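A.B. asks: Structural data only, the sequence is not supplied:
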């Protein structure tokens, strides 16, 4: 454990420094999941899962893959695609 060094510091400044440190740590924790929650197009889904467009479209219709329509274009959340892929693998076993 590190040594505690006491110094005269304003209470408000101490609170701000603690808040800044917390925000910084939270930003580090969120970074990996932010990339998984990005929206991807069907071609990227096909690459991630190693499946054809027909299979991906069938999984969309079955509700296995959740689509997100933005400005009339179809996108998927990368985290949802990865979870769906894991579930499909587990079902086969």
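C.D. replies: Structure received. Here the structure is a predicted model, which means the values were calculated and not measured.

A.B. asks: quick one, helices of the chain?
C.D. replies: Secondary structure of the chain (DSSP state H): helices located at 11-36, 42-49, 53-62, 78-92.

A.B. asks: Buried ones in stretch 74-82, by neighbour count?
C.D. replies: Buried residues in stretch 74-82, defined by neighbour count with 16 or more other C-beta atoms under 10 Å: 75, 76, 77, 78, 80, 81. Using the backbone N, CA and C atoms, a C-beta is placed for each residue, glycine as well.

A.B. asks: in the sheet, who's paired with the first one?
C.D. replies: Pointing back at residue 75 there. Per DSSP bridges, the residues bridged to residue 75 are residue 68.

A.B. asks: So it sits against residue 66, correct?
C.D. replies: No. When contacts are counted by C-beta atoms under 8 Å, residue 75 is not listed as touching residue 66 (10.3 Å).

A.B. asks: Check the contact lists of the two and give me the overlap.
C.D. replies: Common contact partners of residue 75 and residue 66 (C-beta atoms under 8 Å, 6 or more residues apart in numbering): none.

A.B. asks: Point out where this protein drops to low pLDDT.
C.D. replies: In the predicted model, the chain carries pLDDT under 70 at residues 1, 26-36, 88-93.
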